[in-house]
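Visitor: Pasted the sequence and its predicted model underneath.
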Amino acid sequence: QVQLVESGGGSVQSGGSLRLSCAYSGRTFRFYVVGWFRQTPGNIREFVAAIDQGGAGTTYADSVKGRFAISRDNAKSTAYLQMNNLAPEDTAIYYCGFHRGSPPPIRTTPDAYDSWGRGTQVTVSS
C-alpha cells in the first residue's frame, strides 16, 4: 500500500527554521501535485503551499509567503517544506497531501487532495 510519511517537525524558538519532508513509497510520485496543509485543534485544515508535478509551479498562503519554500525531488519521491523565520502562529500539525490534478491552477483546498500522511508536529515558542 502506498504511503505518505511526513517528518522533520519539532520544537523551535521564534525566528527559527525547520525543514519538513514528505516521502512517498510508490513509484508514481511525479504524477502528483503535492500540497502542505496545517491544522490546529478545533480548526479546519489550512492550506500552506503546493507544487505542481514538474516543480516549476508553486503557490503559497499569504501568511507564509517569503518565509516558507516548497520543493520536490521526483528522483527521491520526496517533497519538502523549508520554513524560515517561524512564529508561534505557525504552531500546528503539518500534513502533506497528493492529488492527480492538472494545474494550472494549483488546488489549495483540502477537498482537492485525496491522499494524506499522518502529519508532523511543529511547535514554535516565543
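Guide: The structure has been received and is ready for your questions.
Visitor: From here on, just use CA atoms for contacts and neighbour counts.
Guide: Fine.
Visitor: So Asn84 sits against Ser14, correct?
Guide: No. Counting by Cα atoms under 8 Å, Asn84 stays clear of Ser14, with 9.7 Å between them.
Visitor: For stretch 38-46, measure first residue to last.
Guide: Start-to-end span of stretch 38-46 (Cα to Cα, to the nearest Å) is 5 Å.
Visitor: List the buried residues in that stretch.
Guide: Neighbour counts over stretch 38-46 (16 or more other Cα atoms under 10 Å) mark 38-39, 45-46 as buried.
Visitor: Would you mind giving those as JSON lines with secondary structure, pLDDT and distance to Cys96 added?
Guide: Output for those, formatted as JSON lines (DSSP: H, G, I helix; E, B strand; the rest coil; pLDDT from 0 to 100; distance: Cα to Cα, whole Å):
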{"residue": "Arg38", "secondary structure": "strand", "pLDDT": "98", "distance to Cys96": "9"}
{"residue": "Gln39", "secondary structure": "strand", "pLDDT": "98", "distance to Cys96": "11"}
{"residue": "Arg45", "secondary structure": "coil", "pLDDT": "97", "distance to Cys96": "11"}
{"residue": "Glu46", "secondary structure": "strand", "pLDDT": "97", "distance to Cys96": "11"}
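Visitor: which one of those residues sits closest to Ala23?
Guide: Nearest to Ala23 out of those is Arg38 (Cα to Cα; 16.9 Å).
Visitor: Count the neighbours of Thr28 for me.
Guide: Thr28 is flanked by 11 other residues according to other Cα atoms under 10 Å.
Visitor: actually Val64, not the one I wrote
Guide: The number of residues packed near Val64 is 16, by other Cα under 10 Å.
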